[in-house]
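A.B. asks: heads up, no residue letters with this:
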């Protein structure tokens with residue numbers, strides 16, 4: 001087991017290199033005039049065409065978007081290591097800041113989904129192993145196959161339609177309206193960004 005973990009850790013830098021290289025190659029397929037938008041904050045709607053072209057030219061020169069591929073890639077990786085991940089026009093903030101602000105909610109959602117999924121998988125796996133070749137084994141195999149083949153985003157839309165639109169069990173966003181009012185109150189303090197943990201630290205057990 002230890003050897004397996006060590007091998008996976010040794011392969012990780014190679015995987016990261018290949019993934020970043022592929023992503024960067026795909027990104028460079030976009031015309032440079034369109035890639036400029038990634039480096040620009042929101043531009044005034046009343047800016048003239050000439051001023052916008054000057055801004056584009058200055059941005060290309062500043063970030064070296066017309067340099068050779070190898071030079072741009074090395075600079076891009078260096079900026080990633082330094083924490084300069086660029087600017088997100090859709091978020092209207094630096095990418096790293098936006099990711100760090102949203103990471104606790106993503107982590108919390110992942111943990112709440114991972115724990116019951118693992119328990120269910122282990123339980124169904126043991127059932128299928130005990131009844132190998134029987135009906136339970138076939139049902140578990142079929143469910144696993146459909147789960148892997150079914151597009152996750154379609155399944156998510158179906159669950160949202162059932163859990164929110166049809167039954168109203170869950171709010172459409174991360175939290176309900178009542179919870180939002182509590183979080184915006186003066187007595188609420190954000191410690192970790194994890195809603196469940198912060199609710200316990202704030203002694204607000206009615207947060208949902």
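C.D. replies: Cool, the structure landed. It should be emphasised that the depicted structure is a prediction, and the values quoted were computed from it without experimental measurement.
A.B. asks: May I have the secondary structure class of residue 191?
C.D. replies: Using DSSP: H, G, I helix; E, B strand; the rest coil, the structure places residue 191 in coil.
A.B. asks: Not counting its neighbours along the chain, what's nearest residue 131?
C.D. replies: Of all residues beyond its chain neighbours, the one nearest residue 131 is residue 137 (5.2 Å), with distances taken as C-beta to C-beta, 6 or more residues apart in numbering. Glycine gets a C-beta too; all of them are placed from N, C-alpha and C.
A.B. asks: From the contact counts, what lies against the helix ranked longest in the chain?
C.D. replies: Counting residues, the longest helix found in the chain (DSSP state H) is helix 95-130. Here helix 95-130 touches strand 87-88, helix 135-149, helix 195-201, going by 3 or more C-beta pairs under 8 Å, 6 or more residues apart in numbering; DSSP states H and E.
A.B. asks: Next up, the contacts around the residue nearest to residue 131.
C.D. replies: 127, 128, 129, 131 (C-beta atoms under 8 Å, 6 or more residues apart in numbering).
A.B. asks: can you give me the offset of stretch 82-96 from its chain's centre?
C.D. replies: How far stretch 82-96 lies from its chain's middle: 14 Å, per C-alpha atoms, centre = their mean, to the nearest Å.
A.B. asks: same deal with stretch 69-89?
C.D. replies: Worked out by C-alpha atoms, centre = their mean, stretch 69-89 lies 19 Å from the chain centre.
A.B. asks: Check which residues of it are buried.
C.D. replies: Neighbour counts using 16 or more other C-beta atoms under 10 Å place 72, 73, 76, 87, 88 of stretch 69-89 among the buried residues.
A.B. asks: contact partners of it?
C.D. replies: If you take C-beta under 8 Å, 6+ apart as the criterion, stretch 69-89 is touched by 20-21, 24-25, 28, 37-42, 64-65, 67, 93-96, 98-99.
A.B. asks: Can you tell me which helix or strand of the chain has the lowest average pLDDT?
C.D. replies: The weakest-scoring helix or strand in the chain, judged by mean pLDDT, DSSP states H and E, is helix 177-183 (a mean of 70).
A.B. asks: shaky segments in the chain?
C.D. replies: Within the chain, the set of residues satisfying pLDDT under 70 comprises 1, 40-46, 171-178, 181, 206-208.
A.B. asks: and the gap between the residue of it positioned farthest from its centre and residue 28?
C.D. replies: Note on the chain: the largest C-alpha distance from the chain mean falls to residue 134, namely 39.5 Å (C-alpha atoms, centre = their mean). Counting by C-beta to C-beta, to the nearest Å, the separation of residue 134 from residue 28 is 54 Å.
A.B. asks: Over to residue 10?
C.D. replies: 29 Å.
A.B. asks: quick one: which of the two has more around it?
C.D. replies: In this view residue 10 and residue 28 are compared by other C-beta atoms under 10 Å, and residue 28 has more residues nearby, 15 against 9.
A.B. asks: quick one: contacts for that one?
C.D. replies: Residues counted as contacts of residue 28 (C-beta under 8 Å, 6+ apart) are 35, 69, 72.
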